[in-house]
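*Asks:* fold the following and give me the result.
(2 chains)
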Amino acid sequence: MRVTSFPLATLRDTPSEAEITSHQLLLKGGFIKRVSSGIYAYMPLMLRVIEKISHIIEKELNKIGCSKLLLPQLHPSELWKKSGRWEGYTEGEGIMFNLKDRQDRSFGLAPTHEEVITYIASEIVKSYKQLPFCFYQIQTKFRDEIRPRFGLMRGREFIMKDGYSFHSSKEDLIDFYKIMEKSYENIFENCGLKTLGVEADSGAIGGAASKEFMVTADSGEDSILFTKSGSYSANIEKAISLPSKEKPLKNFSKSLIHTPNQKSIQDICKTNNFDPSQIVKVIIYLAKFEDKSEVPLLLCIRGDQSINDVKVFNLIDKTKQSNLLTLSIIESDLEIKKNLNELPLGFIGPDLKDQLIKKNSSWEKKWVRIVDHSAYNLSKFISGANKVDFHKFFNSWKFIGDNYIEADIRNSKAGDYLDKDSSEILLEAKGIEIGHIFQLGQKYSKKLDAKFSNQKGLLENIWMGCYGIGVSRLAQAAIEQNHDENGICWPIQISPFKVVLIATNLKDPIQEKLALSIYKEMQENNIDVLFDDRDERAGVKFKDADLIGIPFRIIVGRDAIDNQVELISRSKEIQLKLSSKELVEKFLNESKLM
RNA sequence: CGGGGCGUGGCGCAGCUUGGUAGCGCGGGUGCUUUGGGAGCACUAGGUCGUAGGUUCGAAUCCUAUCGCCCCGACCA
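*Replies:* Residues are numbered from 1 along each chain as shown, chains lettered A, B, ... in the order given. Sure thing, here's the model as predicted:
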């Protein structure tokens, strides 16, 4: 392609709306244009990247027997009502754009396609003989994100590859899940990306096992924990580990400790020379369920550790038939006054009485007490005395009786031990989630009544898996991982062009003639070449070539008269002077090595 | 939604405190010179100062409302 065939909209200054490097470079290089918050146009250069990624995905998925199709984006509300997700996805902080047609029928703009694909499977699958199979599509998804961010990283409209597999048994699903996992590793490797697969919570989509694929980058929104050896990796919501050892606490003769105005763990430790690991922190939460019941929670954890809301959510969700809707820390004065008698905030202890909950409160009248292992393992500890300006020394948990749940509700963190016998400690990094695979099981096939006749002739719900890749996000994550002070350094596999051809002075007829013949020859050899045929000074073209990140550059310059040209890699690792005759062969050779 | 910041030519910004009718750099156009890392000179086009009200003889500037954008939290590919 010739540069003059489309406006190369590179900018000299970085637009102020972008914060992270990859977003700045996308805007500065003219790859994307913002149309509204979280909504972007993919300019020709960007579309080429998206298409390259798409082809890599398609090739790899076709290899394991998946079939590409294209599903509608406008979904009737009925399907989403059947799966039970319509309300959650449209009301309150719901993420689905929705609208009504002229007949006043409700539709949603698809944020994901489990409903539609399960409906279709329910129509076409009759027998186990038709299973297994896997459909996928690459298409625009819509999500009314609470806060769109960082350009394509979290857009309200984004390109996603989503795949759905259908199986006659759980075992078959698990087998295929493993095949898909390998396939994902191939895809990301073929895109030239370094990724880390981590165990994940399956979240709103639901189901059993799930794994996320992360591009490690400081600007990442997710925290991941892993061991140096690679023996373990998980995102922070899911990670399980053992905390570092507590500092031993000496015995106290009296149990009550006067701690005036020392509300935070830091305060108490500083004034009384305690270590945070000797304190038990008590935090109160409120869980609201679909059946309108409200359950107050009393969570106890070691003072140097923090609560993992996802773990608490999953734990509490299991305690009731009704679905858990929200979980939040109780901190508003209004809420506390309305439901509790004199809560000594800052001095709460694990033995806080149930009687504190007012009789006319809408809450259930008993604390659900959850003690994290880290707290329960302390034989002696300091905690609040449930009395303003006092803490207390505890030398056992006997007081709690059997009125509690001991569980893991703790955020793992860097420095934790993997398990009892391991000397391996966890490291922490930030990551960008670019892929996620789930074993859905029968969640959607049950709701949407998708069944097949099994070998015994009995009807059974189809077993399903689902597999996503954020294509547009992947493209930006690739920049986050591959750039320098001059611009983007695309991995050659997904670069919009493999090589850019620059004549330093096109007005020189010798250069022009040689550049044109090279351009023609490269095209004939099916090489993705961008010919910068603008009437610009060499410096401008070099700067733009660096900015838009093309991995190789051919320079036709002063030595054109001797048919000599230069082949240089974006990284400058390869710098060759060679005759134009051997150029194509040499280029094919060098670019293969990358 | 809560907290913070910002809207002035395509991009980056100044002007606003102390009202007097808009300016700088880059970019664009034309011409000449230049030509291996964002050239020089000259000329030139381009702005209802986000929008709507209000105060005032007069508003980019003061007041009110409203819209949009970005950042920090809850959401996720």
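*Asks:* where do the domain boundaries of chain A fall?
*Replies:* When chain A is parsed with automatic domain parsing, its domains come out as A:3-73+A:110-240+A:429-479, A:256-407, A:497-593.
*Asks:* least reliable of these going by mean pLDDT?
*Replies:* Across the domains of chain A, domain A:256-407 has the smallest mean pLDDT, namely a mean of 87.
*Asks:* contacting residues around the residue in the stretch 301-450 of chain A that RNA strand B sits nearest to?
*Replies:* Closest contact between the stretch 301-450 of chain A and RNA strand B, by Cβ to the nearest atom of the strand, is at A:His436 (3.8 Å). From N, CA and C alone the C-beta is placed, and that goes for glycine too. The contact partners of A:His436, taken as Cβ atoms under 8 Å, 6 or more residues apart in numbering, are A:Ala200, A:Ser210, A:Lys211, A:Glu212, A:Phe213, A:Tyr467, A:Gly468.
*Asks:* show me where the stretch 401-550 of chain A has its strands.
*Replies:* For the stretch 401-550 of chain A, the strands defined by DSSP state E, counting those that start in this stretch cover A:405-407, A:426-441, A:451-453, A:459-461, A:463-470, A:483-484, A:487-488, A:499-503, A:529-532.
*Asks:* once you drop chain neighbours, what's closest to the closest residue to RNA strand B within the stretch 451-594 of chain A?
*Replies:* Nearest residue of the stretch 451-594 of chain A to RNA strand B (Cβ to the nearest atom of the strand) works out as A:Gly557 at 1.6 Å. Leaving out its chain neighbours, the residue that sits closest to A:Gly557 by Cβ to Cβ, 6 or more residues apart in numbering is A:Thr504, at 4.2 Å.
*Asks:* ok, the one you found to A:Arg369 distance?
*Replies:* 75 Å (Cβ to Cβ, to the nearest Å).
*Asks:* quick one on the thing from earlier: rebuild the contacts of A:His436 as TSV, extending it with neighbour count.
*Replies:* Shown next, in TSV, are the contacts of A:His436 (neighbours: other Cβ atoms under 10 Å):
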residue	neighbour count
A:Ala200	25
A:Ser210	23
A:Lys211	23
A:Glu212	26
A:Phe213	26
A:Tyr467	25
A:Gly468	24
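*Asks:* is stretch A:91-104 positioned near RNA strand B?
*Replies:* Yes - Stretch A:91-104 is in contact with RNA strand B by Cβ under 7 Å from any atom of the strand, via A:Glu93, A:Ile95.
*Asks:* before we move on, the earlier item: which residue of A:Thr504 and A:Arg369 possesses the greater neighbour count?
*Replies:* A:Arg369 (20 against 17; other Cβ atoms under 10 Å).
*Asks:* what's that one in contact with, if anything?
*Replies:* Counting by Cβ under 8 Å, 6+ apart, A:Arg369 has contacts A:Leu297, A:Leu298, A:Cys300, A:Pro350, A:Ile400, A:Asn403, A:Tyr404, A:Ile405.
*Asks:* past the helix or strand containing it, which element shows up next along the chain?
*Replies:* Take DSSP states H and E as the rule and A:Arg369 turns out to sit in strand A:368-372. Remark: after strand A:368-372, the chain's next helix or strand is helix A:373-376, criterion DSSP H and E.
*Asks:* just the CA atoms of that next one, as CSV, please.
*Replies:* Listed next in CSV are the C-alpha coordinates belonging to helix A:373-376 (Å, rounded to 0.1, in the frame of the first residue of the first chain):
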residue,chain,number,x,y,z
HIS,A,373,-7.7,-18.9,58.8
SER,A,374,-5.1,-16.3,59.4
ALA,A,375,-7.1,-15.0,62.4
TYR,A,376,-8.2,-18.3,63.6
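*Asks:* pretty sure the residue of the stretch 451-594 of chain A closest to RNA strand B sits against A:Ile568.
*Replies:* No - applying Cβ atoms under 8 Å as the test, A:Gly557 and A:Ile568 come out as separate, 11.4 Å apart.
*Asks:* and what about the residue lying closest to A:Ile187 once chain neighbours are set aside, helix, strand or coil?
*Replies:* Of all residues not flanking A:Ile187 in the chain, A:Glu60 sits nearest, at 4.8 Å (Cβ to Cβ, 6+ apart). What DSSP: H, G, I helix; E, B strand; the rest coil gives for A:Glu60 is helix.
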